[in-house]
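**Q** no letters, just coordinates:
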């Protein structure tokens, strides 16, 4: 009985059709802009693209801005609107390299 009440309570809080993550892009592939248009958008902003991938139905771009800082940009695939823009933390890279036994300042 408690399990049923828990499930009903959950459904009341999260009604059907509401996504848990509202930054997903729910667009049919037929309506998507081509990947080269996304690359052109990056070029127009002066970004150097490292990778363009699809995440949660959105384009996600790993790049460097005009000042060389690492950025991650989430782009709506149909409208090409920027949904999210964030700077990547270089300290995370240093920490990850040290965990792997490498020091970025002293790489061979």
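**A** Right, received. Where do you want to start? Quantities reported herein were computed from a predicted structural model and do not represent experimental measurements.
**Q** for residue 85, give me the pLDDT.
**A** Turning to residue 85, the model gives it a pLDDT of 96.
**Q** just checking, it touches residue 73?
**A** Yes. Taking Cβ atoms under 8 Å as the definition, residue 85 is a contact partner of residue 73 at 5.2 Å. For glycine as for every other residue, the C-beta is placed from the backbone atoms N, C-alpha and C.
**Q** which other helices and strands does the strand or helix carrying residue 83 contact?
**A** Secondary structure here is read from DSSP states H and E; on that basis residue 83 sits in strand 82-87. Counting contacts by 3 or more Cβ pairs under 8 Å, 6 or more residues apart in numbering; DSSP states H and E, strand 82-87 is packed against strand 70-75.
**Q** mind listing the strands for the protein?
**A** Under the criterion DSSP state E, strands of the chain are mapped to 48-55, 58-64, 70-75, 82-87.
**Q** make JSON lines out of those strands and add distance to residue 33.
**A** Written out in JSON lines, the entries for the strands of the chain read as follows (distance: least, Cβ to Cβ, whole Å):
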{"stretch": "strand 48-55", "distance to residue 33": "12"}
{"stretch": "strand 58-64", "distance to residue 33": "8"}
{"stretch": "strand 70-75", "distance to residue 33": "9"}
{"stretch": "strand 82-87", "distance to residue 33": "13"}
